[in-house]
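Visitor: Coordinates for the following, if possible.
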Amino acid sequence: MTESRSPLHSLRELRAADALSALDVQLARTLCELAGETRASVQLAIALVSHQVERGHVCLSLPALALAPLSLWPAETVDPELCAWPALETWLAELRSSPLLGSPEQLTPLVLDHADRLYLRRHFSYERALSAELLRRIAEPDRVLAEGTLQAGLARLFGDDASDLQRKAGELALRRSLCVISGGPGTGKTATVVKILALVIEQALHAGGGLPRMHLLAPTGKAAARVRESIQNAKARLACSDVVRAAIPEEAATIHRALQQVTRSYSREPSEAPPELATDLVLVDEASMVDLALMARLFAVVPKQARVILLGDKHQLASVEAGAVLGDICGAGKSAAQLTHAPVVHLLRSYRYAADSGIGELARAINDGDAARALDVLRSKHHPDVELCPPARGPGLSARLRSDVIAGYTPCLSASDPREALTLFERFRVLCAHRTGSRGVAGLNAQLLRLFLERGLLTPAAMHFVHAPILVTENDYSSRLWNGDVGMLVQTTADSPLMAAFPPSGAVSGAADNAVRKIGLARLPLHECALAMSIHKSQGSEVDEVAIVLPLERSAVLTRELLYTAVTRAKKRVVIHASEALVKAAIETSVARSSGLADALYGPNVE
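Guide: Numbers count the residues shown, from 1 in each chain. Sure, this is the predicted structure:
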């Protein structure tokens, strides 16, 4: 560290530069005051690990920070002079001698692990519990199965090609206690899982026992509704007996709901065994969205003998909260030799995009971190389904974006029938990287509302707008609306009350009819205008065309994973409104969340 700067000086200046939040600094001060810790280096370390958790990391790797002092912030956003950290060995010695730190077994607020990663105790405990459960499942021997029934089922449902990745995933899920299936949009993840459920049922019927108990779970209510719809559609085409087809479950729930049901039935008497989910198989869809704490809590209640199948796309955005569990289980950053026994299958072939699809080619280039190739695809006349448009110089809409949103949204805003309007809304979407700012969700929604008010396609009513699309932003079990549900504000006549119309599929689980569901404004949970939505909120959805609006300057959220997620929401066309420099910067910036989970599962990297 430089002679002129102390850790306390760095802490104050980082806060003044808004590189650390008030919460980061206050947490550090409070913990140190409670423990009688006076060393500024310890206070600085606590503030930095709090900053990491806010950014989705599980811990702070001090050796990595010593090698790359600016790694906690996007390039060019923090003055390098503010990141002159204490010498690593001195810093570690002071942390180890602090009363705030202890061994993994001690109940101290902070933990420094064997690799000198600094954790808040809560996240260390979750990571340790989850890694122990995952390792137990990975180490378990293959299950004893009726081989003849299994091989016949695999051939009937997947075909005779033993090298087919979907078939490999099916066999792995039957033989192992833990199976992870990762794949991009259109790679057949849901179709594969429905076949797996059929195979599990066939094994149970062959054994003469009862039908297996199965739980289909997802991180959000909207994702759970999509699971239900996808499985319902896929099992209708399945090559199996009617008995097996009828036994495949359709109902899905959020992970939170499943955990609530378990803990509600637990009396917490000292002599009572820990609560368990009454199940033989747990399927978790959209697993990339599940954070460390939630995944650890789920695995804690899954019976040891039950199968667990995690389904997701390891290239998508990680969870909003701390952790990148799916990526860690898939072995992010590990060598092929380390992953020999990993219970993971990566589905590669996309059935959504043609071989010469610009969207597919662009998505692959983004995943590979190849910015030059991605820009070539965007410039190429051979790929008319992808395009890069320069952004507006000022805060308003560019002429191209204005033209695209008018063409994209006019049909649904003009439709008089709610069902038709909801269907047409699935053709086009504006996706933003940021929540705030003129090019963020709030700013663009305000501009788009003005645009369509001027064109007479929206009508003010009761502080809302007739025909405006809305996005539900919280789960509400009383109305059975979920975070991510999209509806339309409708009014039958000028005198009738304003209502929110939602599609029958996903709006209410198990609905008996196929009618559009209408909810009064008084019953609506928290919601916002959906003319523009965040890329995070769009996860798991798919529309025909997307307009992706990126900020004018680099930011912490602008990453390869964010851009990939946005691009792969589209089935037919993608237009990115951004500069080439910003697209290049995003592709070259990958989310590498700090955690010890992958090391615990597969061992540390060896240089």
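
Visitor: rest of the way, CA atoms for contacts and neighbours
Guide: Fine.

Visitor: now Arg167: how far from Asp161?
Guide: Distance of Arg167 to Asp161, given as Cα to Cα, to the nearest Å: 8 Å.

Visitor: Strands of the stretch 501-607 of the chain, start to end?
Guide: For the stretch 501-607 of the chain, the strands defined by DSSP state E, counting those that start in this stretch occupy 517-520, 527-529, 532-534, 543-549, 570-577.

Visitor: The stretch 51-200 of the chain too?
Guide: 60-61, 101-102, 110-112, 117-120, 178-183.

Visitor: Of these, which shows the lowest average pLDDT?
Guide: Ranked by mean pLDDT, those end with strand 101-102 at the bottom, a mean of 86.

Visitor: name the helices or strands packed onto it?
Guide: strand 110-112 (3 or more Cα pairs under 8 Å, 6 or more residues apart in numbering; DSSP states H and E).

Visitor: Name the residues that touch the strand it packs on?
Guide: Residues outside strand 110-112 that contact it (Cα atoms under 8 Å, 6 or more residues apart in numbering) are 96, 100-104, 118-121, 124.

Visitor: List buried residues within those residues.
Guide: Neighbour-count burial (16 or more other Cα atoms under 10 Å) applied to those gives 96, 100-102, 104, 118-121, 124.

Visitor: Let me see the contact set for the most centrally placed residue in the chain.
Guide: Centroid-nearest residue in the chain, with Cα atoms, centre = their mean: Met289, separated by 2.6 Å. Listed by Cα under 8 Å, 6+ apart, the contact set of Met289 reads 219, 317-320.

Visitor: neighbour-wise, which of these leads?
Guide: Within those, Ala318 tops the neighbour count with 26 neighbours, counted by other Cα atoms under 10 Å.

Visitor: Would you mind giving me the confidence score for it?
Guide: 79.

Visitor: hang on, it packs against Gly312?
Guide: No. Under the criterion of Cα atoms under 8 Å, Ala318 makes no contact with Gly312, lying 10.6 Å away.

Visitor: list residues touching both of the two?
Guide: By Cα under 8 Å, 6+ apart, Ala318 and Gly312 have these common neighbours: Ser288.

Visitor: returning to what we had before: I'd like the strands of the stretch 51-200 of the chain as TSV, with distance to Ala501 appended.
Guide: Formatted as TSV, those follow (distance: least, Cα to Cα, whole Å):
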stretch	distance to Ala501
strand 60-61	46
strand 101-102	54
strand 110-112	49
strand 117-120	44
strand 178-183	33
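
Visitor: Can you say which of those strands is nearest to Tyr409?
Guide: strand 178-183 (30.6 Å; Cα to Cα).

Visitor: Flag the shaky bits of the stretch 51-200 of the chain, pLDDT-wise.
Guide: 74-77 (pLDDT under 70).

Visitor: try 80 this time
Guide: The model of the stretch 51-200 of the chain has pLDDT under 80 over residues 70-84, 103-105, 162.

Visitor: how close does Leu20 get to Arg554?
Guide: Per Cα to Cα, Leu20 is found 18 Å from Arg554.

Visitor: Now do the helices in the stretch 401-550 of the chain.
Guide: For the stretch 401-550 of the chain, the helices defined by DSSP state H, counting those that start in this stretch occupy 418-425, 441-454, 504-507.

Visitor: Export these to JSON lines and append columns for mean neighbour count, distance to Val472 and mean pLDDT.
Guide: Shown next, in JSON lines, are these (neighbours: other Cα atoms under 10 Å; distance: least, Cα to Cα, whole Å; pLDDT from 0 to 100):
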{"stretch": "helix 418-425", "mean neighbour count": "20", "distance to Val472": "14", "mean pLDDT": "89"}
{"stretch": "helix 441-454", "mean neighbour count": "18", "distance to Val472": "14", "mean pLDDT": "90"}
{"stretch": "helix 504-507", "mean neighbour count": "20", "distance to Val472": "11", "mean pLDDT": "50"}
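
Visitor: and of those helices, who's closest to Asp599?
Guide: Nearest of the helices of the stretch 401-550 of the chain (Cα to Cα): helix 441-454, 37.3 Å.

Visitor: and the closest one, what does it pack onto?
Guide: strand 532-534.

Visitor: mean confidence for the strand it packs on?
Guide: What strand 532-534 shows for mean pLDDT is 91.

Visitor: ok, now stretch 397-417?
Guide: The average pLDDT within stretch 397-417 is 90.

Visitor: Could you pull out the buried residues of that stretch?
Guide: When burial is assessed from 16+ other Cα under 10 Å, stretch 397-417 yields the following buried residues: 397-398, 401, 404-406, 408-410, 412-413, 415.

Visitor: quick one: low-confidence parts of the stretch 201-350 of the chain?
Guide: If you take pLDDT under 80 as the line, the stretch 201-350 of the chain has these spans: 209, 221-222, 263-274, 317-320, 323, 333, 350.

Visitor: what about the helices in it?
Guide: Using DSSP H, counting those that start in this stretch, the helices of the stretch 201-350 of the chain run over 221-235, 242-247, 255-264, 292-301, 325-329.

Visitor: most packed of those?
Guide: Counting by mean count of other Cα atoms under 10 Å, helix 325-329 has the highest mean neighbour count of these, with a mean of 25.

Visitor: That one packs against which elements?
Guide: helix 597-602.

Visitor: what does the helix it packs on contact?
Guide: Under the criterion Cα under 8 Å, 6+ apart, residues 127-128, 131, 134-135, 325, 328-329, 331-332, 334, 338-339, 604-605 lie in contact with helix 597-602.

Visitor: Out of the contacts of Met289, which comes closest to Lys195?
Guide: Pro219 (22.2 Å).

Visitor: In this structure that closest one contacts Thr254, no?
Guide: Yes. The pair formed by Pro219 and Thr254 meets the contact definition of Cα under 8 Å, at 5.4 Å.

Visitor: Show the model's pLDDT score for the closest residue to Val441 other than its chain neighbours.
Guide: Using Cα to Cα, 6 or more residues apart in numbering and skipping residues adjacent in sequence, the residue nearest Val441 is Arg435, 4.7 Å away. Confidence at Arg435, expressed as pLDDT, is 85.

Visitor: does Arg435 really touch Leu444, like I thought?
Guide: No. Taking contacts as Cα under 8 Å, Arg435 lies outside contact range of Leu444: 9.5 Å.

Visitor: Which neighbouring elements make contact with the helix or strand harbouring Leu23?
Guide: Taking DSSP states H and E as the criterion, Leu23 maps to helix 22-35. In terms of contact count using 3+ Cα pairs under 8 Å, 6+ apart, helix 22-35 is assigned the packing partners helix 7-16, helix 40-54.

Visitor: If we use 7 Å, what do you get?
Guide: helix 40-54 (3 or more Cα pairs under 7 Å, 6 or more residues apart in numbering; DSSP states H and E).

Visitor: got the buried residues for stretch 47-63?
Guide: 47-62.

Visitor: from the contacts of Met289, which is closest to Ile366?
Guide: Using Cα to Cα, Leu317 comes nearest to Ile366 of the contacts of Met289, at 13.0 Å.

Visitor: correct me, but the closest one touches Glu561?
Guide: Yes. With contact defined as Cα atoms under 7 Å, Leu317 and Glu561 form a contacting pair (5.2 Å).
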